[in-house]
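> give the three-dimensional model of this entry:
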Amino acid sequence: MTSRALILGCAGKSLSAEEAAFFRDVRPWGFILFKRNIGTPAEVRVLTDALRACVGSDKAPILIDQEGGRVQRMGPPHWPAYPAGGRYGRLNGSAATIARLGARLMAHDLAEVGINVDCAPVLDVPAPGSHDIIGDRAYGTNPAAVAEIGRAIAEGLMAGGVLPVMKHIPGHGRAACDSHHGLPVVDVPRDALAAQDFGPFRALADLPMAMSAHVVFTALDPDRPATQSATVIQDVIRTAIGFDGLLMTDDLSMHALTGTFRERTQRAFAAGIDVGLHCNGSMEEMRGVAEAAPALEGRSAERAAAALGRLDPAGETLDVPEARARFAAALAAA
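Got it, this is the predicted structure:
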C-alpha cells in the first residue's frame, strides 16, 4: 500500500488508540520525535516499534532533531550532552575529525532506540544582525568551513546507520526573526545569497535529504517563503544548488506559515516539495495536513526510496566507551 507524503509526530511517550488508528489509516511515510516523546531508552524503543507497526514497515523513517547544544531531544540522564555545532567551528584543524566522531556517537545512541534519521547537519551561515534561532547551532560564518564540518557530521551519522537531513535549504542564516513565531524576510541580492548562503548546500548536494526554510527571499520570490515557492524550489534548490534528493518541509505548524493546515500543505506540494513535515502531534492539525497531502508517488517516491537505500544498518564497528573517552578528551584539549 502506498505511503502518504507525510512525516508526522505524536503527543506523548506512547501511542494512544486514536493516534494508532489515524496512522494506520493515513500511512505517513515517516514519523518525528521530540522531547515530549522521550522517556527511558526502553520506552523510546517501544514507541519506535509501535510507530513502525502502524504503517507495516520496519524500515519506516523515524526522525529526531539531535544536533547537540540547545537542540538535543535525547539527553541526560540517559544519553550524553553533546556540544552545540558552534563548538566544532571554534576548533582548530581537528574540527572535522572531532565533529565526525561526535556524530558517529550520536548515531549509536539513535540507532539503539530505533531512530534512523537525524535532522542535521545545520548548514545555515549566520550573518551580522540575524536572529539567534540559528546562533550557536551554526558551525561558523565561513561557508567553506560550514560545509567541511557539515560533511563530517553527515558521514559520522551515516557510518552509524542514521541518515542525515541538511537544513534549512537554501539558508536560514540571515533571518532576522524566528520562523517558529513569524515570517523572516531576507532582502539581499541573489549574488550575495549565492556567495554565502547557498555554498554549503551546494557542496553537500549529494546528501539524501534536506529540509526547507520558511523564509522569504525577496530577490528570489518576494511573495512566498521558500517552502511554498516553486521558483525557489525549482530554480534555486534543484538547479542552482543542484540538490535532487528528498526535500521535506520544515514544520508546517510554525507561525511563519499562514492559512489553514490544509492550505499550508497544498501550497507546499504545489511548489514542488516531496514530503510534508508536521511536528506537534495535534490530531486536529494533522487531519488537515493529511487531507491535502498526496500519495508518495512518482519522482518523490523515487527520491524517498533512494534515501532509504543509503541506510546501512550495520554501519562501521565502534568501541563506544573508547570513542566516548576519545571524544571528551579531544574537546577538552582543543
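
> quick one: the helices in the stretch 101-250 of the chain?
Using DSSP state H, counting those that start in this stretch, the helices of the stretch 101-250 of the chain run over residues 143-159, 190-196, 199-203, 230.

> same question for the shortest one, mean pLDDT?
Averaged across helix 230, pLDDT comes to 98.

> ok, stretch 57-65 next?
Here the average pLDDT along stretch 57-65 is 96.

> buried residues in it?
Using 16 or more other C-beta atoms under 10 Å as the test for burial, stretch 57-65 gives 57, 60-65. All C-beta spots, glycine's among them, are computed from the backbone N, C-alpha and C.

> cool, and stretch 200-212?
Judged by neighbour count using 16+ other C-beta under 10 Å, the buried positions of stretch 200-212 are 200-205, 207-212.

> among those residues, which pair sits farthest apart?
203 and 212 (18.1 Å; C-beta to C-beta).

> tell me the centre residue of the chain?
Centre of the chain computed as the mean C-alpha position; nearest residue by C-alpha atoms, centre = their mean is residue 119, 2.7 Å away.

> so that one touches residue 72, yeah?
No: look at residue 119 against residue 72 with C-beta atoms under 8 Å: they stay out of range, at 11.5 Å.

> overlap in contacts of these two?
65-66 (C-beta atoms under 8 Å, 6 or more residues apart in numbering).

> that older thread, what's the closest of the helices of the stretch 101-250 of the chain to residue 306?
Closest of these to residue 306 is helix 143-159, at 13.7 Å (criterion: C-beta to C-beta).

> can you dump the C-alpha atoms of that closest one in PDB for me?
Extracted in PDB, the C-alpha atoms of helix 143-159 (Å, rounded to 0.1, in the frame of the first residue of the first chain):
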ATOM      1  CA  PRO A 143      30.700  28.800   4.100                       C
ATOM      2  CA  ALA A 144      33.600  26.500   3.300                       C
ATOM      3  CA  ALA A 145      34.200  25.700   7.000                       C
ATOM      4  CA  VAL A 146      30.400  25.100   7.500                       C
ATOM      5  CA  ALA A 147      30.500  22.700   4.500                       C
ATOM      6  CA  GLU A 148      33.500  20.800   5.800                       C
ATOM      7  CA  ILE A 149      32.100  20.300   9.300                       C
ATOM      8  CA  GLY A 150      28.600  19.500   7.900                       C
ATOM      9  CA  ARG A 151      30.100  16.900   5.600                       C
ATOM     10  CA  ALA A 152      31.900  15.300   8.600                       C
ATOM     11  CA  ILE A 153      28.700  15.200  10.600                       C
ATOM     12  CA  ALA A 154      26.700  13.700   7.700                       C
ATOM     13  CA  GLU A 155      29.400  11.000   7.300                       C
ATOM     14  CA  GLY A 156      29.500  10.200  11.000                       C
ATOM     15  CA  LEU A 157      25.700   9.700  11.100                       C
ATOM     16  CA  MET A 158      25.700   7.500   8.000                       C
ATOM     17  CA  ALA A 159      28.600   5.400   9.400                       C
END
